[in-house]
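Structure of the sequence below:
(one chain, ligands or ions: 1)
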Amino acid sequence: LNQPPLTIAICGLGTVAQGVLALLKRNESLITQRAGRPIQVAAVASRTARPEVDLLGAEFSTDVRSVIEKPEVDLVLELIGGETLADELVRDALLRGKHVVTANKAIIAHHGDDYLELARARNLAFAFESAVAGGIPVIGALTRGLAANQINWIAGIINGTSNYILSEMADNGQSFAAALKQAQELGYAEADPTFDVGGIDAAHKLTILAALAFGMSMNFDAVYTEGIEALGGDDIEYARQLGYRIRHLGIARRSERGVELRVHPTLIPQQQLLASVDGVMNAVMFNSDAAGDTLYYGAGAGAGPTASAVVADLIDIAAGGAQRGVVAGQSPTVDVIPVEQTQSGFYLNIPSLDQPGVFARAATILSDHGISIDAVIQKEHPAQPDTEHAWVPIVILTHPVSEGVMNDAMAQLQAMPEVVDTIKRIRVEHFG
Ligand SMILES: NC(=O)c1ccc[n+]([C@@H]2O[C@H](COP(=O)([O-])OP(=O)(O)OC[C@H]3O[C@@H](n4cnc5c(N)ncnc54)[C@H](OP(=O)(O)O)[C@@H]3O)[C@@H](O)[C@H]2O)c1
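Residues are numbered from 1 along each chain as shown. Down below sits the predicted model:
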């Protein structure tokens, strides 16, 4: 413990930065012990001063660029969020020979290859445990615990806001809009909630996990992304009647043809562990060749959990463990399989006129495409019994089929004169 401290500069003084400062203070002695040396905050820089926050003796500045120029700073902790200035700071810090830790999944998903290369070339650490699933150490699990394994697939509930909204809709009958408003009031949603409910935040995180699991590039643009905005309470209820729950998942799966990368609402059997992950919690499951299925569950956001992951990176770097066993970008040529070529089961919700023979015609279209039906719900009573155009939903669950074939079948179903509105479809997956 006579070693010199690891000297850090923190950029940003918001939720996560305040959580980090509080944790460094609260657990100072055990952190020093585990790191083998003290972690000293030399500078904090952010847009707005917060005199009420204990900066642990660090200097405060509103000039975030200047703190990374300080010669005594060994490591820059980027916690301002956003994409432009944060990207500049990370690159600059690495170019100046500083280790970098960040929680910023957006910049990693876009530029992570560059950062890792800049760090590798200078024998520096670039660490980001907190960027995926907050307090759950999934990056450590991939890069350390499972380092000996071939990873086959990843399935994760990696956006707490979406999961909270789906849980509220299912368990408390809330509308999408009401549940989103509640998530914002409780502080769960990102500043721009479209990143959460549109699946972009989950796609950032899936990009990072897949890069580490499969040694591929950070390939955000190749992730097929669907959010939860179009889900109705009726879909959640029909899924329940069929024995499923709807979860918003990030899925990455390796095959001989390449890697599938997709983020979308998914029906999963009620009895599977991922189906029971409720509220704002996150969970990530890895299927790997030696360890089999492993599942990681916990808080995906919040000051304490996120700080836990950030400080773990600081301890790791202070202790000299910066170079991890598995890195992204080793096999940048891994192909991403177009979503049309992926396979899954499908839930279809077909709003149709309440006339005889409609279901039989829909079933014929599916069977003409070689799609077999697993289960059906046919309502006996129209949604609007008194109108001339009374319609009923025909709900069909199919066995796995390629998405391209399903697209063709859906185009024909949609063109049936009895179909009164847009058909909704949700993919179905059985993990394990
Ligand atoms: N919150 C979580 O639970 C969580 C979990 C995992 C990862 N993350 C990631 O962690 C990062 C930080 O999130 P957060 O929740 O702590 O955000 P936050 O509460 O909004 O804090 C951001 C901080 O950075 C400062 N800042 C923003 N833009 C700046 C600029 N241009 N120049 C100087 N300072 C600037 C803000 O100053 P003002 O006070 O003036 O706004 C604020 O102090 C993000 O990348 C986020 O995605 C967050």
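
which ones are touching residue 253?
Going by Cβ atoms under 8 Å, 6 or more residues apart in numbering, residue 253 touches 152-154, 259-260. (C-beta placed from N, C-alpha, C; glycine too.)

Nearest spatial neighbour of the closest residue to the ligand within the chain, chain-adjacent residues omitted?
Closest contact between the chain and the ligand, by Cβ to the nearest ligand atom, is at residue 14 (1.8 Å). Leaving aside its sequence neighbours, residue 14 sits nearest to residue 79 (Cβ to Cβ, 6 or more residues apart in numbering; 6.8 Å).

Mind pulling up the pLDDT for the one you found?
Residue 79 carries a pLDDT score of 98 in this model.

one step back: surely the residue of the chain closest to the ligand touches residue 44?
No: Residue 14 is beyond contact range of residue 44, at 11.4 Å (criterion: Cβ atoms under 8 Å).

any idea which helix or strand carries the residue nearest the centre of the chain?
Centrality entry for the chain: nearest residue to the mean C-alpha point is residue 202, 2.9 Å, by Cα atoms, centre = their mean. In the assignment (DSSP states H and E), residue 202 maps to helix 200-214.

Just the CA coordinates for that helix, please, in CSV.
Provided in CSV are the C-alpha atoms of helix 200-214 (Å, rounded to 0.1, in the frame of the first residue of the first chain):
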residue,chain,number,x,y,z
ILE,A,200,-31.6,2.3,-29.3
ASP,A,201,-30.2,2.1,-25.9
ALA,A,202,-30.6,-1.7,-25.9
ALA,A,203,-29.0,-1.8,-29.3
HIS,A,204,-26.0,0.2,-28.0
LYS,A,205,-25.5,-2.4,-25.2
LEU,A,206,-26.1,-5.4,-27.5
THR,A,207,-23.4,-4.0,-29.9
ILE,A,208,-20.9,-4.0,-27.0
LEU,A,209,-21.8,-7.5,-25.7
ALA,A,210,-21.7,-9.0,-29.1
ALA,A,211,-18.3,-7.4,-29.9
LEU,A,212,-16.8,-8.9,-26.7
ALA,A,213,-18.5,-12.3,-27.1
PHE,A,214,-17.7,-12.9,-30.7
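
Give me the contact status of that helix with the ligand.
No: residues of helix 200-214 are not located near the ligand by Cβ under 6 Å from any ligand atom, the shortest gap being 7.8 Å.

Which strands border the helix or strand that that helix is followed by, and is each parallel or antiparallel?
Beyond helix 200-214 on the C-terminal side, the first helix or strand identified by DSSP H and E is strand 224-225. In the sheet, strand 224-225 lines up against strand 258-269 (parallel) (DSSP bridges).

count of neighbours near residue 417?
For residue 417, the neighbour count with other Cβ atoms under 10 Å is 10.

contacting residues around it?
Neighbouring residues of residue 417 by Cβ under 8 Å, 6+ apart: there are none.

Now for the contacts of residue 253, which sits with the most neighbours around it?
residue 154 leads the contacts of residue 253 on contacts (other Cβ under 10 Å) with 27 neighbours.

Tell me which helix or strand that one sits in.
Using DSSP H and E, residue 154 falls in strand 151-157.

What's the first helix or strand after that strand?
Sequence-wise, the next helix or strand downstream of strand 151-157 (DSSP H and E) is helix 160-172.

Remind me what the helix or strand following that following helix packs against, helices and strands.
Sequence order places helix 176-185 as the next helix or strand after helix 160-172, per DSSP H and E. Packing partners of helix 176-185 (3 or more Cβ pairs under 8 Å, 6 or more residues apart in numbering; DSSP states H and E): helix 160-172, helix 193-197.

need those helices in a markdown table with mean neighbour count and mean pLDDT, can you?
Formatted as a markdown table, these follow (neighbours: other Cβ atoms under 10 Å; pLDDT from 0 to 100):
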| stretch | mean neighbour count | mean pLDDT |
| --- | --- | --- |
| helix 160-172 | 22 | 95 |
| helix 193-197 | 20 | 93 |
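
just so I know, which of those helices lies nearest residue 343?
Closest to residue 343 of those is helix 160-172 (Cβ to Cβ; 23.8 Å).

contacting residues around residue 20?
10, 77, 79, 307, 310-311.

ditto for residue 395
Residues near residue 395 by Cβ under 8 Å, 6+ apart: 238, 242, 347-350, 376-378.

Dump the residues you listed into CSV; add neighbour count as well.
Formatted as CSV, the contacts of residue 395 follow (neighbours: other Cβ atoms under 10 Å):
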residue, neighbour count
238, 22
242, 19
347, 25
348, 23
349, 20
350, 25
376, 14
377, 15
378, 12
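
In this structure residue 295 contacts residue 283, no?
Yes: with contact defined as Cβ under 8 Å, residue 295 reaches residue 283; the gap is 6.3 Å.

okay, and the common contacts of the two?
273-274.

Please identify which of the two sits among more neighbours.
Comparing residue 295 with residue 283 by other Cβ under 10 Å, the one with more neighbours is residue 283, at 23 against 15.

ok, the more buried one to residue 187 distance?
From residue 283 across to residue 187, the span is 21 Å (Cβ to Cβ, to the nearest Å).

Also residue 78?
Note on residue 78: its distance to residue 187, by Cβ to Cβ, is 21 Å.

and if you look at residue 44?
Separation of residue 44 from residue 187 (Cβ to Cβ) stands at 22 Å.

of those two, who's got more company?
The neighbour count for residue 44 versus residue 187, taken as other Cβ under 10 Å, is higher for residue 44 (27 against 11).

On the C-terminal side of the helix or strand encompassing the more buried one, identify the next helix or strand.
Per DSSP H and E, residue 44 falls inside strand 39-45. Sequence order places strand 59-61 as the next helix or strand after strand 39-45, per DSSP H and E.

Show me what counts as buried in that next one.
Using 16 or more other Cβ atoms under 10 Å as the test for burial, strand 59-61 gives 60-61.

Each with direction, which strands does that strand pair with?
With DSSP bridges as the test, strand 59-61 pairs up with strand 39-45 (parallel).

What are the contacting residues of the partner strand?
5-13, 17, 21, 24, 31-32, 55-64, 66-67, 70, 72-73, 311, 314-315, 318.

I'd like to know which of these are buried.
5-13, 17, 21, 24, 31-32, 55-56, 58, 60-61, 64, 67, 70, 73, 311, 314-315, 318.

Which of those fall within helices?
Among the buried ones among the contacts of strand 39-45, the ones falling in helices (DSSP state H) are 17, 21, 24, 31-32, 64, 67, 311, 314-315, 318.
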